[in-house]
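**Q** quick one, fold the following:
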Amino acid sequence: MAMNDADRDRFRKLLTLAAESPFAGEREAALIAAERLAAKNGLSLDEAARGFSGAEPSESESRRRRPRDEQRSAWMHNVYSHYAYDAAASRARQQHRQNVESQQRAEEQRQRDQRSWSRQFRARSRQRIPPLEHARILMQETRFPLREISTITGVSMHDLVGLKLKLREAS
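**A** Next up is the predicted model:
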């Protein structure tokens, strides 16, 4: 029994997947599916891959089928050359994916290293300026209204007015 065009195409794709997949489980599953497809058509995996039907034709059938066999041979050559092209293209795509992934990993590592390096040298003090001292500095060095200084420092307006008066007496 010979495979129809749809089965041949599916068989070719399964063989391509079995040969080119980067995942072992996917390769095994594709090979098992290809064997099932070949068995469904009454062929072994090798026969299906070579394109033989398994049964030897008689001499009279062989004379009748010779032009057809030559066409089939040409077709098989086209299929296998297409298979080789697909396999090469698949390998190139896989290599490209691996290159892109390695570049991404390198860039991520560089960014992680840069972040950790900058954290080492960043001066961060856990101490806070006391609120009244902060309010005094803001009053002396800025022209913020007392209400805004109160919002920033959390010091009450009553205390800020007292501090402003004390600062006025000192100057």
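
**Q** what residues are up against the closest residue to G154 other than its chain neighbours?
**A** Of all residues not flanking G154 in the chain, P131 sits nearest, at 5.6 Å (C-beta to C-beta, 6 or more residues apart in numbering). From N, CA and C alone the C-beta is placed, and that goes for glycine too. P131 makes contact with T153, G154, V155, according to C-beta atoms under 8 Å, 6 or more residues apart in numbering.

**Q** residues in contact with the first one?
**A** So that's T153. T153 is in contact with P131, L132, H134, A135, L138, counting by C-beta under 8 Å, 6+ apart.

**Q** from what I see, the second one and V155 are in contact.
**A** Translated: L132. Yes - assessed by C-beta atoms under 8 Å, L132 is found in contact with V155 at 6.2 Å.

**Q** hey, where'd the helices end up in this protein?
**A** Using DSSP state H, the helices found in the chain span residues 5-20, 24-40, 45-50, 59-121, 131-141, 146-153, 157-170.

**Q** rewinding a little: and the residue nearest to G154, what's its pLDDT?
**A** We note a pLDDT of 93 for P131 in this prediction.

**Q** okay, domains of this structure per the record?
**A** In terms of domains, the chain is parsed into 5-53+66-121, 131-170 (source: automatic domain parsing).

**Q** find the centremost residue of the chain, please.
**A** Centroid check for the chain by C-alpha atoms, centre = their mean gives E101 as the closest residue, at 7.2 Å.
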